[in-house]
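> What follows is a protein structure lacking sequence information:
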């Protein structure tokens, strides 16, 4: 089992940047596919980005491609989401998630563990 704790959210103006971190407990962090999801008020949770165990493969939602970068440091048991050129429509609670599945996936149902979320608010 793994516990996930997100941090780094906050209030930022449009065009600004934030870096989210997700610290994982346990010794087997490198065994997990990691992902970031977000949920805006009144909307369903949506996929943002995912990264493979070795960080070789990354995938992004079209809405964030070219602006967001997912990375991981297996020695620090941490996954990151660098968010640049933020837009008001990026406002949401951001969640990190861990999957024991065979490969990267955008499907929330394939993730086994979830953090509590961190709020990101982008003002116009």
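Thanks, I have it. Please read all numbers here as calculations on a predicted model, not as lab measurements.
> Every contact and neighbour count from this point should use C-alpha atoms.
OK.
> In contact with the residue nearest the centre of the chain: list those residues for me.
By Cα atoms, centre = their mean, the mean C-alpha position of the chain lies nearest to residue 36, the distance being 2.3 Å. For residue 36, the contacting residues are 47, 48, 49, 50, 81, 94, 95, 96, 97, by Cα atoms under 8 Å, 6 or more residues apart in numbering.
> Look up how far residue 59 lies from the first one.
Relative to residue 59, residue 47 is positioned 10 Å away (criterion: Cα to Cα, to the nearest Å).
> neighbour count winner among those two?
Neighbour count, other Cα atoms under 10 Å: between residue 47 and residue 59, residue 47 has more, with 22 against 18.
> quick revisit: mind checking which helix or strand the residue nearest to the centre of the chain is in?
Here residue 36 sits within strand 33-39, counting by DSSP states H and E.
> mind checking how far that strand is from the chain centre?
Distance of strand 33-39 from the chain centroid (Cα atoms, centre = their mean, to the nearest Å) equals 4 Å.
> after it, next one along is what?
Assigned by DSSP H and E, the successor of strand 33-39 is strand 46-51.
> who touches the next helix or strand after that next one?
Downstream of strand 46-51, the first helix or strand assigned by DSSP H and E is strand 58-60. Contacting residues not belonging to strand 58-60 are listed as 47, 48, 49, 50, 51, 52, 70, 104 [Cα under 8 Å, 6+ apart].
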